[in-house]
Structure formats: C-alpha cells, structure tokens
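okay, sequence plus prediction incoming.
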Amino acid sequence: MRRLAVSTAGGLAAALALTGCSGSDGSGSGPGPGKAELTVGSSYMPQPVSADMAAGFLTITNNGGTGDELTSVTSDAAGQVTMHSTMGGAMTEKPSFSIPAHGRLVFKSGGNHLMFEKLKRAPKQGQTVAVKLTFAKSGPLTVEMPVKSATYNPSTGH
C-alpha cells in the first residue's frame, strides 16, 4: 500500500512537471522572448484613516522576455483608482507605469503607489479589496488586496 502511494505521488509529480513544460501555443517554450509573464505579489492596503481615500501597494513581476505597461487600475471599492509616483517628496499622478522584461514594478510606501479615491465603503483590517490591473499587452489581472493595520510595515510584518 505504501509503495502504491509513493508511486502514485511520483507519477502525479511527473505529470505536473510535463504539463508545466508545454506552452499554450504547443511549442513547449513557455512565454518566450516575445511575451510578458506577469505575476502580482506583496499586495496590501493599510486600513484607511480617511473616510474617502486609501492607498494601495503591490509588486508586479515580469518574468517574460518583453516589457509591458500598467495602464489602469479599478476597484469596486472606490469611485476611481489613480497611480502615483513620489520623487523628492512630490507626488505626481501617472497615466501608466512600465514593467521591464525580467523586471519588477514596485508600489510601496514613499514611492509609487495606488490611490483609492471616493471610497464606497471603509475597508477594515482583515478584509480584502478586489483590484483589477489592466495592461497594454497582457490580459487583465484581478488581485485580492488584504487590508492591514494603518501602521503595517511589510518589512517587519507588523
């Protein structure tokens, strides 16, 4: 019985490994040099201290061979979501952000960030906020952004 379980687990692992090798076009090469391969991580929203505005942070990683561009962000939790950069203490709204091939776009406190304006409800710590990211070349991604404490620091986890 134990041998069967090990054999079945090994077979499953091999099947999953083979599945991961084939690209959607059947070439077996994955995204290749001509496509972006975007993933999102480290997303969070500090619990807003204002009734009508909140900030959001995340990292978009591009493991593909070509760059892409984040062109808009929307959320049912807000009337609008705008993208901003902060340089030398000055905040500037941006229409888009580039995501380089084999690179990252980081939204963090004190730097690039999202502004959720005209909040429709006040997100509370422990809840999540759905955020739709739209790109120039890739399909949209929807992220469930957890709401953390107003003083949350991702480097310490508190």
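Alright, I've got the coordinates.

could I get the pLDDT score of A122?
Listed pLDDT for A122 reads 89.

just the element for it, please.
Per DSSP states H and E: A122 is located in neither a helix nor a strand.

now do the contacts for it.
Contact analysis of A122 by Cβ atoms under 8 Å, 6 or more residues apart in numbering lists 48, 51. Every C-beta, even on glycine, is put in place using the N, C-alpha and C of the backbone.

make 50 the starting number, not 1.
New numbering, starting at 50: the last item is A171.

how much space separates it from S92?
Relative to S92, A171 is positioned 19 Å away (Cβ to Cβ, to the nearest Å).

how about V122?
Taking Cβ to Cβ, one finds V122 at 11 Å from S92.

surely F165 forms part of a helix?
No - read with DSSP: H, G, I helix; E, B strand; the rest coil, F165 is strand and lies in no helix.

name whatever forms a beta bridge with it.
A103, V130 (DSSP bridges).

now do the shared contacts for V122 and S92.
V180.

so where's this protein uncertain?
For the chain, the stretches with pLDDT under 70 are 50-82.

now do the helices in it.
51-70 (DSSP state H).

and the spatially most central residue of it, how close does it get to G128?
With distances taken as Cα atoms, centre = their mean, the residue of the chain nearest its centroid is V89 (2.7 Å). V89 sits at a distance of 23 Å from G128 (criterion: Cβ to Cβ).
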